[in-house]
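Undergrad: need coordinates for the following:
(one chain, ligands or ions: 1)
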Amino acid sequence: MARQNRLLSVSDLVVQHRRAGRRPVRAVAGVSLDLGAGEVLGLVGESGCGKSSLARAVCGLTAPTGGEILFDGRPMRPLGVRRRAPALTGVQMVFQDPYGSLNPRRRVSAQIADGIRAGAERGERGATKLTPGALLVRVGLPEDLADRYPQELSGGQRQRVAIARAVAARPRLLVGDEPISALDASAQAQVARMMRALAVESGAGLLFISHDLSVVRLIADRIAVMYLGRIVETGPTAEVWENPRHPYTRALLAAIPHPDGAGRLPVELPGDASDAAAPPSGCRFHPRCPLAFEGCDREEPQLAADGVACRLYSS
Ligand SMILES: Nc1ncnc2c1ncn2[C@@H]1O[C@H](COP(=O)(O)OP(=O)(O)OP(=O)(O)O)[C@@H](O)[C@H]1O
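TA: Okay, here's the model as predicted:
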């Protein structure tokens with residue numbers, strides 16, 4: 001499908017953070033990806049690889065340093081330029097910490113009502129039929145929680161409220177930045193599945209970001225694996241899960257404990273992830289790669305049409 005026809009199309013995105021008196025950090029170093037309506041893309045990678053920087057740029061919260069973000073075929077402008085709340089553009093984001101994003105002084109019902117209003121203002125069909133109580137039930141909470149304040153709720157309840165508020169705005173694109181990592185392990189898969197259901201049934205695209213490949217694979221149609229600012233592998237979920245090709249994806253998979261406690265042993269990657277402010281030359285993963293060979297420290301592999309950025313597969 002042509003880029004302009006995708007709900008979200010990111011090409012060669014660069015996000016660089018300036019730091020006073022220190023070298024800038026290129027958190028996103030040339031990323032291209034796309035997402036269709038009703039589709040779920042899982043973005044995975046270790047802490048610090050640039051997932052949040054990418055998510056914030058996609059939502060217009062951070063100005064890109066380079067590249068292009070098309071939303072519905074039109075350039076996504078940073079918030080300062082657009083001067084409109086993301087909800088009014090049809091993009092909603094759910095963050096890891098719902099405490100930071102919910103207003104402690106307003107009742108849950110009022111905050112969800114804000115979302116409903118934003119959807120209605122954009123003229124989204126059905127937005128005015130939504131009610132805070134019905135949305136709470138939809139995210140697995142009792143209706144009467146609407147009268148409470150965020151601090152009266154548990155962390156898991158707050159995160160469900162944040163999801164209800166995001167969905168209330170009838171977004172065309174929902175971005176979850178580690179939306180489940182603060183939840184109990186027992187609730188993570190359930191909440192992830194709920195986000196998928198809510199997005200897909202309303203025809204929205206979902207960009208679901210997590211460091212946990214085992215949860216992402218439960219809900220994503222496609223997976224993109226990010227390492228130090230770059231996408232190193234991407235493909236349909238079943239393919240990436242069953243036949244990971246990039247050595248980094250393999251290491252991520254090998255580190256997932258088997259459900260019965262046996263099976264795969266955690267494999268430690270040698271060394272720490274490199275500093276994004278001073279990435280290694282050549283392939284960014286080569287200092288930790290068990291399969292690195294002659295030349296990997298000089299040539300930076302590009303993401304090929306087969307979805308892998310690794311010299312092992314280039315002819
Ligand atoms: N505002 C900022 N100013 C300076 N450096 C930043 C800023 N935001 C992020 N960084 C740096 O950019 C790199 C990528 O960070 P980012 O938060 O995007 O990654 P992440 O994969 O989302 O990690 P985490 O899951 O820990 O949030 C890191 O080296 C981080 O220290």
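Undergrad: so where's this protein uncertain?
TA: 1-5, 79-88, 125-128, 258-268, 270-271, 315 (pLDDT under 70).
Undergrad: residues contacting the closest residue in space to Pro287 that isn't next to it in sequence?
TA: Leaving aside its chain neighbours, Pro287 sits nearest to Pro280 (5.3 Å; criterion: C-beta to C-beta, 6 or more residues apart in numbering). In short, each C-beta sits where N, CA and C put it, glycine included. By C-beta atoms under 8 Å, 6 or more residues apart in numbering, the contact list for Pro280 reads Ser274, His286, Pro287, Asp297.
Undergrad: filter those residues down to the buried ones, PyMOL style.
TA: The PyMOL command for the buried members of these (criterion: 16 or more other C-beta atoms under 10 Å) is given here:
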select buried, resi 274+286+287
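Undergrad: surely His17 is in a helix?
TA: No - looking at His17 with DSSP: H, G, I helix; E, B strand; the rest coil, it is strand, so not inside a helix.
Undergrad: who's in contact with it?
TA: Each residue near His17 by C-beta under 8 Å, 6+ apart is listed here: Pro24, Val25, Ala27, Ser53.
Undergrad: pretty sure the last one sits against Arg26.
TA: In this case it means Ser53. No - applying C-beta atoms under 8 Å, one finds Ser53 not in contact with Arg26, separated by 9.3 Å.
Undergrad: list the helices and strands the host helix or strand of Leu41 packs on?
TA: Per DSSP states H and E: Leu41 is located in strand 40-44. Under the contact definition 3 or more C-beta pairs under 8 Å, 6 or more residues apart in numbering; DSSP states H and E, strand 40-44 sits against strand 22-35, helix 51-58, helix 185-201, strand 205-210, helix 213-219, strand 222-227.
Undergrad: format the ones you listed as TSV; extra columns: mean neighbour count and distance to the ligand.
TA: Output for those, formatted as TSV (neighbours: other C-beta atoms under 10 Å; distance: least, C-beta to the nearest ligand atom, whole Å):
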stretch	mean neighbour count	distance to the ligand
strand 22-35	19	3
helix 51-58	24	3
helix 185-201	17	15
strand 205-210	26	7
helix 213-219	20	14
strand 222-227	25	7
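Undergrad: including distance to Arg172, could these go into JSON lines?
TA: Listed next are the helices and strands packed on strand 40-44 as JSON lines, based on distance: least, C-beta to C-beta, whole Å:
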{"stretch": "strand 22-35", "distance to Arg172": "10"}
{"stretch": "helix 51-58", "distance to Arg172": "12"}
{"stretch": "helix 185-201", "distance to Arg172": "10"}
{"stretch": "strand 205-210", "distance to Arg172": "7"}
{"stretch": "helix 213-219", "distance to Arg172": "18"}
{"stretch": "strand 222-227", "distance to Arg172": "18"}
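Undergrad: of those, which is nearest Gly176?
TA: Gly176 lies closest to strand 205-210 among those, at 4.9 Å (C-beta to C-beta).
Undergrad: give me the angle between the closest one and helix 51-58.
TA: With axes from the mean of the first three to the mean of the last three C-alpha atoms, to 10 degrees defining the directions, strand 205-210 sits at 160 degrees from helix 51-58.
Undergrad: what angle do strand 205-210 and helix 185-201 make?
TA: Counting by the same axes, to 10 degrees, strand 205-210 lies at 160 degrees to helix 185-201.
Undergrad: give the pairing partners of strand 205-210; include direction for each.
TA: Paired neighbours of strand 205-210 in the sheet (DSSP bridges): strand 40-44 (parallel), strand 173-177 (parallel).
Undergrad: tell me the SS of the residue in the stretch 201-315 of the chain positioned nearest to the ligand?
TA: Residue nearest to the ligand within the stretch 201-315 of the chain: Ala276 (3.8 Å; C-beta to the nearest ligand atom). The three-state label given to Ala276 by three-state DSSP is coil.
Undergrad: so who does Gly133 touch?
TA: The contact partners of Gly133, by C-beta under 8 Å, 6+ apart, come to Ser109, Glu143, Ala146.
Undergrad: the residues you listed in helices, which ones?
TA: Ser109 (DSSP state H).
Undergrad: quick check: of the contacts of Gly133, which lies closest to Met194?
TA: Among those, Glu143 lies closest to Met194 (C-beta to C-beta), at 16.5 Å.
Undergrad: buried residues of the helix or strand hosting Val10, list them for me.
TA: According to DSSP H and E, Val10 maps onto strand 8-19. Neighbour counts using 16+ other C-beta under 10 Å place Leu8, Ser9, Val10, Leu13, Val14, Val15, Gln16 of strand 8-19 among the buried residues.
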